[in-house]
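Colleague: Just a sequence and a predicted model for now, questions to come.
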Amino acid sequence: MNPNVISSPLHILNTVFGYPAFRGPQAEVIDTVMSGRDALVLMPTGGGKSLCYQVPALALSGTAIVVSPLIALMQDQVAALRQAGVAAAFLNSTQTGEEAQLVRKQLRAGTLDLLYVAPERLLNADTLSLLRDASINLIAIDEAHCVSQWGHDFRPEYIRLGELGQYFPDIPRIALTATADGTTQQEILYRLGLNNARVFISSFDRPNIRYHIAQNHAGSARDALLRFIRDNHANEAGIVYCLSRKRVEEIAAWLSDQGLTALAYHAGLPATQREQTLRRFLDEDGVIVVATIAFGMGIDKPDVRFVAHLNLPKSIEAYYQETGRAGRDGLPAEAWMRYGLQDVITLRQMMSESNADEAIKRIEQHKLDAMLGLSESTACRRQTLLGYFGEQSTEPCGNCDNCLTPPQMWDATLPARQALSTVHRTGQRFGVNYLIDVLRGKTDERITQLGHDKLSVFGVGHAHTIDIWRGIFRQLIAQGYLSVDTEGFGGLALCERCRPLLRGEESLWLRQITKPVKISRKTRDR
Ligand code: ADP
Ligand code: ZN
């Protein structure tokens, strides 16, 4: 028994937090760290990670240090703890010298239960010597996936947290995150030096979130978004994610013109405006924030009813984390996404252009492939999503688009071969729009000049709409049959992977968007 135990965890839970019982693995996690062993806790958003360190902080004598990357979140947590009568404080850049001085004094005097510290603060010489003189009972590292270099939230200041084990070898450490696939878990353990940690993985299922993922086609994603909000979420709070700042501003302005309360949020806006947007989102009803991924981590609003994506995220981890901001109160919520050919091209290009190590690139590539797989999948989205995090669920969920409206498929093998053949015959250097023009037999000066109107593929695809062709190219790129050039012109080239399809050993099935036009006999004979 740890001699520093001054109260039982359950007693703390009941009296300080007012809850009757621990949830999921909380009790076991708490036991683990109170017995002096390190832990890595993976729990979905809203799962109750905070209590995993707040309870031991109070049950043991001394002060717990909590590393948290977000100042706003830190302040909210400290305020909530103080209301519950807990002696909590923080050290961050928003404080005056005097305020920080007072906190240091309290720490030295041993009157603090919890001290929240920003990561860049923690490892400076002053703070370290302060902590060495204090009586520390636990070090908690929140949002631990920020240490992952190829993760989507990498924070350089997290890397040095690995040194904590050397400075405080006898103090248990607990790392927590709501998003980490197998690779990221290993990386967290390695970088934080948690060699003997017990790993706790709770189910990642968020049963109250209904997933929808669809491709852009005729009509714009913007209109589809408006319809989705009007029909399902009038006057409800939501987040709309876009890839670029420019697009964020456009969409926010446009939704506002349509009479919705939509505010833009991205890292390029002044801090005061961002804070005001966040406050309105938290305090008012029915505010929609249109944002880049800069908005989100740690946003603790329980009644976000929808999260919409107008672009494809880079990984399932990012998608899961962003959509996870919906429905933290457990009531029905929706995750809605529209994406298109251009997303696939842009992401593929970004990855091949990056200067990262080959090993890192391979991992990023793999993560993107998994995200594309989820998006293009015709199986239950939840099964695919949970499967990615290593959870096997046997039953389709009944609460995703594919379960609710099983997609109709059509055999696109022939047009897919025609598309590949067109890429080949035009010299593997043209972009999608040009290739589609050739396939559909467009009369165009450039095509004539290059003599591509003489190719056997010219016009073979006239029976399919541009949308259908874009869908075919999207699949071909998504599934690695075609690669996108790195010069930024979007030229497509064949990959090794396309041989079986060309040879007729593989087929390509596509989700039906509109009724595909029957391929005429004449076309088929060519
Ligand atoms: P996370 O950090 O994992 O996203 P939080 O720690 O913010 O989740 O907890 C989410 C909500 O669940 C909070 O309102 C919290 O008070 C509540 N909660 C956590 N554990 C319990 C419990 N054992 N019993 C009841 N409510 C709990
Ligand atoms: Zn499902």
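Modeller: Thanks, I have it. Ligands and ions are numbered 1, 2, ... in the order given.
Colleague: Skipping adjacent residues, who's closest to residue 106 in space?
Modeller: residue 112 (5.0 Å; CB to CB, 6 or more residues apart in numbering). C-beta coordinates here come from the backbone N, C-alpha and C atoms, glycine included.
Colleague: any idea how far ligand 2 is from that neighbour?
Modeller: 46 Å (CB to the ion, to the nearest Å).
Colleague: would you list every one of the strands in the stretch 51-200 of the chain?
Modeller: 63-67, 88-91, 114-117, 136-141, 173-177, 198-201 (DSSP state E, counting those that start in this stretch).
Colleague: For residue 453, which of those is the nearest?
Modeller: For residue 453, the closest of those is strand 173-177, at 55.9 Å, according to CB to CB.
Colleague: So which residue is smack in the middle of this structure?
Modeller: Nearest to the centroid of the C-alpha atoms of the chain, with distances taken as CA atoms, centre = their mean, sits residue 318, at 1.4 Å.
Colleague: For it, list the residues it contacts.
Modeller: 152, 179, 293, 371 (CB atoms under 8 Å, 6 or more residues apart in numbering).
Colleague: Which elements pack onto the longest helix seen in the chain?
Modeller: Counting residues, the longest helix in the chain under DSSP state H turns out to be helix 358-376. Secondary-structure packing of helix 358-376 (3 or more CB pairs under 8 Å, 6 or more residues apart in numbering; DSSP states H and E): helix 316-323, helix 341-353, helix 381-388, helix 466-478.
Colleague: Can I get it in PDB, CA atoms only?
Modeller: What follows is helix 358-376, C-alpha atoms only, in PDB (Å, rounded to 0.1, in the frame of the first residue of the first chain):
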ATOM      1  CA  GLU A 358      10.700   8.000 -46.400                       C
ATOM      2  CA  ALA A 359       9.600   6.000 -43.400                       C
ATOM      3  CA  ILE A 360       7.300   8.800 -42.200                       C
ATOM      4  CA  LYS A 361       6.000   9.300 -45.700                       C
ATOM      5  CA  ARG A 362       5.100   5.700 -45.900                       C
ATOM      6  CA  ILE A 363       3.200   5.900 -42.600                       C
ATOM      7  CA  GLU A 364       1.400   9.100 -43.700                       C
ATOM      8  CA  GLN A 365       0.500   7.400 -47.000                       C
ATOM      9  CA  HIS A 366      -0.800   4.400 -45.200                       C
ATOM     10  CA  LYS A 367      -3.000   6.600 -42.900                       C
ATOM     11  CA  LEU A 368      -4.400   8.400 -45.900                       C
ATOM     12  CA  ASP A 369      -5.100   5.100 -47.700                       C
ATOM     13  CA  ALA A 370      -7.100   4.000 -44.600                       C
ATOM     14  CA  MET A 371      -9.000   7.300 -44.600                       C
ATOM     15  CA  LEU A 372      -9.800   6.800 -48.300                       C
ATOM     16  CA  GLY A 373     -10.800   3.300 -47.600                       C
ATOM     17  CA  LEU A 374     -13.300   4.400 -45.000                       C
ATOM     18  CA  SER A 375     -14.700   7.100 -47.300                       C
ATOM     19  CA  GLU A 376     -15.100   4.800 -50.300                       C
END
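Colleague: buried ones in stretch 238-250?
Modeller: For stretch 238-250, the neighbour count (16 or more other CB atoms under 10 Å) marks 238-243, 245, 247-249 as buried.
Colleague: can you tell me the distance between the two ends of it?
Modeller: 17 Å (CA to CA, to the nearest Å).
Colleague: where does that stretch sit relative to the chain's centre, distance-wise?
Modeller: 15 Å (CA atoms, centre = their mean, to the nearest Å).
Colleague: got the contact list for it?
Modeller: 225, 229, 251, 255, 262, 264-268, 288-293, 295-296, 304-311, 313, 322, 325-326, 343, 346.
Colleague: Mind checking which of those are buried?
Modeller: 225, 229, 251, 255, 262, 264-266, 288-293, 295-296, 304-311, 313, 322, 325-326, 343, 346.
Colleague: any weak-confidence spans in the stretch 151-300 of the chain?
Modeller: 218-219, 297-298 (pLDDT under 70).
Colleague: now residue 485, nearest residue through space, not along the chain?
Modeller: residue 491 (4.1 Å).
Colleague: So that neighbour is in contact with residue 433, correct?
Modeller: No. Between residue 491 and residue 433 there is no contact under CB atoms under 8 Å: 11.4 Å.
Colleague: neighbour count winner among the two?
Modeller: Using other CB atoms under 10 Å, the more surrounded residue of residue 491 and residue 433 is residue 491, with 20 against 14.
Colleague: Distance-wise, check the more buried one relative to residue 144.
Modeller: 41 Å (CB to CB, to the nearest Å).
Colleague: ok, residue 213 - how many residues close by?
Modeller: Going by other CB under 10 Å, the residues that sit close to residue 213 add up to 20.
Colleague: Beta-bridge partners for it, please?
Modeller: residue 337 (DSSP bridges).
Colleague: what's near enough to touch it?
Modeller: 337, 339, 374-375, 381, 401.
Colleague: Those into TSV, with extra columns for pLDDT and neighbour count?
Modeller: Output for the contacts of residue 213, formatted as TSV (pLDDT from 0 to 100; neighbours: other CB atoms under 10 Å):
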residue	pLDDT	neighbour count
337	97	25
339	93	23
374	93	23
375	92	23
381	95	24
401	96	18
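Colleague: between these, which is closest to ligand 2?
Modeller: Comparing these against ligand 2 with CB to the ion places residue 381 closest, at 5.4 Å.
Colleague: measure the nearest residue to residue 481 once chain neighbours are set aside to residue 427 for me?
Modeller: Nearest residue to residue 481, sequence neighbours excluded (CB to CB, 6+ apart): residue 498, at 4.2 Å. Counting by CB to CB, the separation of residue 498 from residue 427 is 16 Å.
Colleague: So the nearest residue to residue 172 once chain neighbours are set aside, which state does it fall into?
Modeller: Nearest non-adjacent residue to residue 172, counting by CB to CB, 6+ apart: residue 33, 4.7 Å away. Following DSSP: H, G, I helix; E, B strand; the rest coil, residue 33 is assigned to helix.
Colleague: right, and residue 33 touches residue 138 too?
Modeller: Yes. Using CB under 8 Å, residue 33 is in contact with residue 138, at 6.0 Å.
Colleague: Any chance you could list residues touching both of these two?
Modeller: Contacts common to residue 33 and residue 138, judged by CB under 8 Å, 6+ apart, are 53, 56, 172, 174.
Colleague: Might one say that the third one is in contact with residue 138?
Modeller: Yes. In this structure, residue 172 sits in contact with residue 138. The criterion is CB under 8 Å, and the distance is 5.7 Å.
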